[in-house]
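In: model the structure of this input:
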Amino acid sequence: MLRRIVIVAAATLSLTTTAVVGGFQAHAASYLPGIDVSHWQGDIAWSKVKAAGIRFAIAKATEGKTYNDPKYARNKSRAMANGILFTAYHFARPDKSTGDARIEADHLVDVAKLSSGNLIPALDLESTGGLGKAALQDWVWRWLKRVTYRLNGVKPMIYTSPYFWKTYMGNSRAYADAGYKVLWIAHWKTQAPTVPAENWGGNSWTFWQWTNCWKVSGISGCVDGDRYNGTDFTKVMIP
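Out: Got it, this is the predicted structure:
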């Protein structure tokens with residue numbers, strides 16, 4: 001169990017103060033706290049989450065070709081109603097079938113229904129589906145490009161761990177170089193995340209999932225804890 005965590009609302013912070021966020025001290029100006037959720041968190045009391053100082057939420061919307069998270073619509077409406085910046089993620093299930101990446105991309109866009117003012121959506125890349133390195137890289141390209149097309153040029157972010165990206169994606173920086181500059185890195189139990197792909201093409205991390213077991217008011221049990229690297233969310237919002 002993590003020790004008791006004190007969350008200080010970002011609105012009360014100044015550039016010269018420090019906050020205890022997730023058990024680590026950090027300059028308040030460096031990053032802002034958020035969470036990512038799915039049906040595993042049950043019914044969330046989003047007003048309490050907001051009062052706890054959480055600034056953004058990334059919710060699971062879809063997985064593979066057909067699965068829809070049953071709590072997605074509720075999470076979206078109630079998080080946004082409480083003034084929490086919001087977006088969706090798609091858990092990728094790559095396979096060798098024809099058009100799989102396009103089908104999964106359309107699945108996310110159709111279900112998530114993101115619009116202006118939402119954060120950009122995320123591709124949650126944790127499974128290879130048995131694809132080799134080159135085939136998986138191609139699948140990711142196809143998914144990203146399809147979502148970008150469907151969202152009128154808005155480029156989604158990529159969620160991955162340092163190990164997965166280095167091992168199964170060849171540590172490629174080609175995606176960052178092609179304009180997919182927003183990395184959501186998963187790296188727990190460390191003071192700073194390892195950023196693959198040559199520091200993501202020099203862009204570093206934008207979102208950091210720093211723990212899989214945070215205690216936040218309004219949520220029963222553990223929730224993933226995230227940080228946004230900066231204070232200006234307009235850089236990662238759908239225009």
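In: and the strands in this protein?
Out: Along the chain, counting by DSSP state E, strands occupy 18-21, 24-27, 31-37, 56-63, 67-68, 85-91, 122-124, 157-160, 183-186, 207-214, 223-229.
In: of all the ones you listed, which one is nearest Lys133?
Out: If you check each of those against Lys133 by Cβ to Cβ, strand 157-160 wins as the nearest, at 13.9 Å. C-beta coordinates here come from the backbone N, C-alpha and C atoms, glycine included.
In: name every strand pairing with that closest one and say which way it goes.
Out: Strand pairing for strand 157-160, using DSSP bridges, gives strand 122-124 (parallel), strand 183-186 (parallel).
In: so can I have TSV of those showing mean pLDDT?
Out: Converted to TSV, the strands paired with strand 157-160 look like this (pLDDT from 0 to 100):
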stretch	mean pLDDT
strand 122-124	99
strand 183-186	98
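In: buried residues in stretch 194-205?
Out: Across stretch 194-205, burial judged by 16 or more other Cβ atoms under 10 Å covers Val195, Pro196, Ala197, Trp200, Gly201, Asn203, Trp205.
In: on that earlier part again, okay if I get the strands of the chain as TSV plus distance to Ala105 and mean neighbour count?
Out: Output for these, formatted as TSV (distance: least, Cβ to Cβ, whole Å; neighbours: other Cβ atoms under 10 Å):
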stretch	distance to Ala105	mean neighbour count
strand 18-21	33	18
strand 24-27	35	12
strand 31-37	20	24
strand 56-63	10	25
strand 67-68	15	16
strand 85-91	8	24
strand 122-124	9	23
strand 157-160	13	24
strand 183-186	17	24
strand 207-214	20	21
strand 223-229	23	23
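In: of all those, which one is nearest Leu144?
Out: Among the strands of the chain, the nearest to Leu144 by Cβ to Cβ is strand 122-124 (6.7 Å).
In: ok, residues contacting that closest one?
Out: Residues outside strand 122-124 that contact it (Cβ atoms under 8 Å, 6 or more residues apart in numbering) are 58, 60, 87-92, 140, 143-144, 147, 156-159, 184.
In: repeat the analysis, applying 10 Å as the threshold.
Out: Contacts to strand 122-124, defined as Cβ atoms under 10 Å, 6 or more residues apart in numbering, come from residues 36, 58, 60-63, 87-92, 104-105, 108, 112, 140, 143-144, 147, 156-160, 180, 182, 184, 186, 207.
In: next: stretch 65-75.
Out: Under Cβ under 10 Å, 6+ apart, the answer for stretch 65-75 is 37-44, 46, 57-63, 78, 84, 86, 88-91, 93, 95, 97, 99-100, 103-104, 106-107, 110-113.
In: buried ones in that stretch, by neighbour count?
Out: Neighbour-count burial for stretch 65-75 [16+ other Cβ under 10 Å]: Asn68, Asp69, Lys71, Tyr72, Asn75.
In: could I get those residues as a markdown table with pLDDT?
Out: Formatted as a markdown table, the buried residues of stretch 65-75 follow (pLDDT from 0 to 100):
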| residue | pLDDT |
| --- | --- |
| Asn68 | 98 |
| Asp69 | 98 |
| Lys71 | 98 |
| Tyr72 | 98 |
| Asn75 | 98 |
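In: what is the nearest of those residues to Pro121?
Out: Nearest to Pro121 among the buried residues of stretch 65-75, with distances taken as Cβ to Cβ, is Tyr72, at 12.0 Å.
In: from Gly99, how far out is that closest one?
Out: With distances taken as Cβ to Cβ, to the nearest Å, Tyr72 is found 24 Å from Gly99.
In: same check on Gln137?
Out: Distance from Gln137 to Gly99, by Cβ to Cβ: 17 Å.
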